[in-house]
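K.L.:
how would this look folded up:
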Amino acid sequence: MSDSVPQRVPLTTPATSAALILGCSPHQVGPCVRACGGLTARYGGPASPICPACQSERPAAAVRRRG
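P.N.:
Alright, predicted model coming up:
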């Protein structure tokens, strides 16, 4: 398992290229709901409305709020 932080896939990335990076079909690619400027596999089977880069930030944000 890698400890690296997922890189944000920019909105300017063609859907075909983004799909290869995200592991989905081009028609499943859409913008992250957090308006971070990234793409995610938003529709279909592996759907997640939040991009991998934002998902990786979530645990750290929760720890900061508790402390």
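K.L.:
which stretches of the chain form helices?
P.N.:
Under the criterion DSSP state H, helices of the chain are mapped to 15-22, 52-66.
K.L.:
least reliable of those going by mean pLDDT?
P.N.:
Ranked by mean pLDDT, these end with helix 52-66 at the bottom, a mean of 69.
K.L.:
Isn't Ile50 up against Cys32?
P.N.:
Yes: at 5.9 Å, Ile50 counts as touching Cys32 under the criterion of CB atoms under 8 Å. All C-beta spots, glycine's among them, are computed from the backbone N, C-alpha and C.
K.L.:
More neighbours: which of those two?
P.N.:
Cys32 (22 against 17; other CB atoms under 10 Å).
K.L.:
overlap in contacts of Ile50 and Cys32?
P.N.:
Thr40 (CB atoms under 8 Å, 6 or more residues apart in numbering).
K.L.:
dump the residue contacts of Arg42.
P.N.:
Residues near Arg42 by CB under 8 Å, 6+ apart: 28-32, 48-49.
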